[in-house]
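Colleague: give me a model of this one.
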Amino acid sequence: MPNIAIAYASGRGHTRKLAEEIATTLGAEGCAARLIEVEVMFKKDWDALMEADAILFGAPTYMGSAAAAFKHFMDETGDIWVRQAWVDKLAGGFTVATFPGGDKLSTLMQLTVFAAQHGMVWVGQDQIGAPANKANEGINQSGAWLGLAATSVRDKIQLVSEGDLETARRFAARMARAAKRWA
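Modeller: As a prediction, the model looks like this:
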């Protein structure tokens with residue numbers, strides 16, 4: 001059973017909603033999933049990242065890049081980087097922003113470079129949404145291939161659209177397939 005850690009920061013709950021949806025799907029796909037909120041890290045969380053076969057990184061996009069709380073987490077991995085302790089782990093990323101474009105690609109690129117510096121193998125998005133695939137209305141609405149890019153919903157209960165939640169489930173299923181294949 002692949003072990004997948006989901007390291008995320010969530011300012012207003014939108015990124016957490018995606019992380020929880022991803023974790024639920026990973027479990028349904030036969031993977032062990034662990035949520036790690038990077039703003040409050042304990043030794044057990046760092047150990048879980050070391051033991052993981054794959055790590056998904058999630059951060060809201062604020063002002064064109066990953067939120068400061070996630071950047072702080074990235075900076076804290078310097079000792080891991082020096083040892084190259086995450087080499088060959090699978091990695092993927094997700095983000096959420098206010099606008100459909102919202103400079104989310106910038107955050108996904110930041111997460112990809114971070115994973116590359118750690119020698120990780122990146123898994124991107126594979127879902128073709130409408131209008132190219134009319135059967136996938138609401139799927140991958142941002143048209144992002146580097147990772148999962150969602151748009152926040154102003155409804156404080158919903159937080160993320162059903163289409164973006166379904167895209168998150170499909171992204172998680174892809175990561176589960178990749179982790180099973182890679183393991």
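Colleague: where do the helices sit along the protein?
Modeller: Using DSSP state H, the helices found in the chain span residues 14-28, 43-51, 68-75, 78-83, 104-117, 162-182.
Colleague: which outside residues touch the longest one?
Modeller: It refers to helix 162-182. Residues from elsewhere that reach helix 162-182 (CB atoms under 8 Å, 6 or more residues apart in numbering): 2, 4, 17-18, 21-23, 25-26, 29-31, 53-54, 56, 90, 92, 94, 96, 121, 123, 125-127, 129, 137-141, 147-148, 150-151, 160. From N, CA and C alone the C-beta is placed, and that goes for glycine too.
Colleague: ends of stretch 130-149, what's the gap?
Modeller: Terminal residues of stretch 130-149 are spaced 15 Å apart (CA to CA, to the nearest Å).
Colleague: likewise for stretch 122-135?
Modeller: 27 Å.
Colleague: what residues of it count as buried?
Modeller: 122-123, 125, 127, 129 (16 or more other CB atoms under 10 Å).
Colleague: stretch 85-104 too?
Modeller: By 16+ other CB under 10 Å, the buried positions in stretch 85-104 come out as 86, 89-97, 102, 104.
Colleague: pull up the distance across that stretch, start to finish.
Modeller: End-to-end distance of stretch 85-104: 28 Å, with CA to CA as the criterion.
Colleague: quick one: it to chain centroid distance?
Modeller: 5 Å (CA atoms, centre = their mean, to the nearest Å).
Colleague: one step back: which one in the buried residues of stretch 85-104 is the model shakiest on?
Modeller: Of all these, G102 has the smallest pLDDT value, namely 75.
Colleague: tell me the contacts of that one?
Modeller: Taking CB under 8 Å, 6+ apart as the test, what G102 contacts is 61, 142, 151.
Colleague: most neighbours, which of those?
Modeller: Within the contacts of G102, most neighbours by other CB atoms under 10 Å means T61, with 25 neighbours.
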